[in-house]
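K.L.:
Need coordinates for the below:
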Amino acid sequence: MVTTKLPDAISERDMECDMTEKIGVMVCGHGSRDEGAVTQFAAVAKGIAERLPQYEVDSGFLEFATPVIRDGLDRLRNNGHTHILAIPGMLFAAGHAKNDIPSVLNQYAAEHDGLKISYGRELGIDLKMIRAAGDRIKEAIQAADDSVPLHDTMLVVVGRGSSDPDANSNATKVMRLLWEGLGFGWGETVYSGVTFPLVEPGLEHAARLGYKRIVVFPYFLFTGILVNRIYDYTDKVAAAHPEIEFIKAPYLNDHPLVLDSFAERVTEILDGTNNMNCGMCKYREKALGFEDEVGLKQESHHHHVEGIGTGSTEQLSHSHEHGHAHSHDHPHNHEHGHNHDHHHHPYPHADHPLGPVTMKEGSK
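P.N.:
Model prediction:
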């Protein structure tokens, strides 16, 4: 049988009852005709195994390469594993992660009585992944000269492209988190195939926006035909616009935070998954560019106008000179109290030429 997730809470007694099962891990890759991509996937699988020494870890591909997923499942089953934790080795959940891999796992489980396969989630939007992507982008910028400030630099993130708009929208969210986290002048998302805008027309559009430097970052795990094509299109557009510096950033590959994220996808199958937005909360986790805000007090700066409508001059002129301290139970479990010494933590890009500074009197 295949389960997509276990119950949110697993008691110690439940775990004791399952002491007889032997757990293994299966990393399910897409596969590529590019030998470099296959080699890099193997290195990532090895890195995941090093982070999960309590389990035997195997891997296989959906298509285009060997071993296939069934081969890895065979090895785990032949080694006595009765419960396999399978994860998609993919960034976002589109057709392969949502349909193709589960189909293979379901069919395999149906053919082998007594075997349980639990399927985990894709990497998705994860702050560790954003930090890994930020590192790759910073590597590329540091390798160039520092004569162009980030405010005059544009970021173009390239997603794989899918017929699933949900997966495509995730690429755009990654771009925004990187754009704002690092403080680029502008950001755009393009795609290597299937959807729009594609790489070449997207970069041609970007070239018309007037930025001195454009960083092209493929949000891909591994090399391959598509990554090579992205770099080729970048060279083509760069040749047509010699006044703009184009920088080709490296893809994610086996960045340590990528491997950490994969390992978490395995352990959360057993631990239960919390998919609430708390996982992306800048007060709890190190969001790129906002690391200093982890653990800060969370306090409302708006409750003094809560409920005030448009007809009360007395209410609107309320001086707000009262003091009190309070704490709330909050879904994030952020405890906080204050005496109305209201202040916002400094926004890291407050001086961005296209941001809040433009609203100041006298700004250009």
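
K.L.:
Now do the SS call for the residue most central in space within the chain.
P.N.:
Geometric centre of the chain, nearest residue: Ile125, 3.2 Å, by CA atoms, centre = their mean. Put simply, Ile125 is coil when judged by DSSP: H, G, I helix; E, B strand; the rest coil.

K.L.:
correct me, but it touches Lys173?
P.N.:
Yes - contact criterion CB atoms under 8 Å: Ile125 and Lys173 qualify, at 5.8 Å. From N, CA and C alone the C-beta is placed, and that goes for glycine too.

K.L.:
okay, stretch 30-41 in PDB with CA atoms only?
P.N.:
Coordinates of each C-alpha in stretch 30-41 appear next as PDB, following Å, rounded to 0.1, in the frame of the first residue of the first chain:
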ATOM      1  CA  HIS A  30      13.400  12.500 -13.100                       C
ATOM      2  CA  GLY A  31      16.300  11.300 -15.200                       C
ATOM      3  CA  SER A  32      18.300  12.900 -18.000                       C
ATOM      4  CA  ARG A  33      20.100  12.000 -21.200                       C
ATOM      5  CA  ASP A  34      23.000  14.100 -19.900                       C
ATOM      6  CA  GLU A  35      25.600  12.000 -18.100                       C
ATOM      7  CA  GLY A  36      26.600  15.000 -16.000                       C
ATOM      8  CA  ALA A  37      23.000  15.300 -14.700                       C
ATOM      9  CA  VAL A  38      23.000  11.600 -13.800                       C
ATOM     10  CA  THR A  39      26.300  11.900 -12.000                       C
ATOM     11  CA  GLN A  40      25.200  14.900 -10.100                       C
ATOM     12  CA  PHE A  41      21.900  13.200  -9.000                       C
END
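
K.L.:
which strands and helices sit next to the helix or strand harbouring Phe41?
P.N.:
For Phe41, the host element (DSSP states H and E) is helix 35-51. If contacts are counted by 3 or more CB pairs under 8 Å, 6 or more residues apart in numbering; DSSP states H and E, helix 35-51 sits against strand 23-29, strand 56-61, helix 256-271.

K.L.:
One more pass at 10 Å, please.
P.N.:
On a contact count with 3 or more CB pairs under 10 Å, 6 or more residues apart in numbering; DSSP states H and E, helix 35-51 meets strand 23-29, strand 56-61, helix 225-240, helix 256-271.

K.L.:
Let me see the domain layout of the protein.
P.N.:
Per automatic domain parsing, the domain ranges recorded for the chain read 2-124+256-280, 127-248.

K.L.:
For those, which has the smallest mean pLDDT value?
P.N.:
Of all these, domain 2-124+256-280 carries the lowest average pLDDT, namely a mean of 87.

K.L.:
thinking again about what came up before, can you redo the domains of the chain as CSV with distance to Glu291?
P.N.:
Formatted as CSV, those follow (distance: least, CB to CB, whole Å):
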stretch, distance to Glu291
domain 2-124+256-280, 14
domain 127-248, 9
